[in-house]
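Colleague: the following block contains a protein sequence and its predicted model.
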Amino acid sequence: MPNTSDRSDQTPATNTGKLVKPSKPIAPIRQRLMVTWLVWLAFRLIALPILINIFNASSPDIVGGIAWQALWLVPAFVLTPSILRGRSPYALLIGSMFTLVYLGASGVVLFTRAYGSSWAEIVVYLLDFLLLFAINVWLFVLLKRLPSMNNVVKQPRSR
């Protein structure tokens, strides 16, 4: 008979003979997601236009770059409260879809800038890509750790 006390990753369930894995903590992942999200928003909105102005030979307008990024980030600003709370699996799933679109667009920009841009400019776009990749990783991990969306039993409304 196997010794179940050696299994530190599983605990016995109540009223059944099955073993249930304990839930992993979501607070550290939620914290990492929140910090990475805010760093990416600040980087994309302010630092990216400033750094591109510095490193690009044509010196594009900083104010115009910030305005363009603000327009581009409207969906991210709408998603920010649900990403910062990090509790609703539905909102996080929609946020994950949007950040995958941002990640794809960032990858395309990085790929197109790789030919003919300075190394410093490529590093700026690479940093944007890596921040978005980290956000998508934290979203995936957080969605895996949140309670299942399928097995939720809702209480009937009382009038």
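Modeller: Good, I have the coordinates.
Colleague: show me what contacts the closest residue to Asp61 other than its chain neighbours?
Modeller: Nearest residue to Asp61 in three dimensions, chain neighbours excluded: Asn53, at 7.5 Å (C-beta to C-beta, 6 or more residues apart in numbering). Where C-beta positions appear, they are placed from N, C-alpha and C, glycine not excepted. By C-beta atoms under 8 Å, 6 or more residues apart in numbering, the contact set of Asn53 is 59-62, 65.
Colleague: where's Asn53, which helix or strand?
Modeller: helix 48-55 (DSSP states H and E).
Colleague: so which bits of whichever helix or strand comes after that helix are buried?
Modeller: Proceeding N to C from helix 48-55, the next assigned helix or strand is helix 62-72, under DSSP H and E. Residues of helix 62-72 classed as buried by neighbour count (16 or more other C-beta atoms under 10 Å): 65-66, 69.
Colleague: over to stretch 35-45?
Modeller: Buried residues in stretch 35-45 (16+ other C-beta under 10 Å): 36-37, 40-41, 43-45.
Colleague: which one of those residues is nearest Leu93?
Modeller: Trp37 (15.4 Å; C-beta to C-beta).
Colleague: just give the nearest non-adjacent residue to the closest one, would you?
Modeller: Ile83 (5.2 Å).
Colleague: also Phe98?
Modeller: Pro75 (5.4 Å).
Colleague: that neighbour: how many residues sit nearby?
Modeller: Pro75: 14 surrounding residues under other C-beta atoms under 10 Å.
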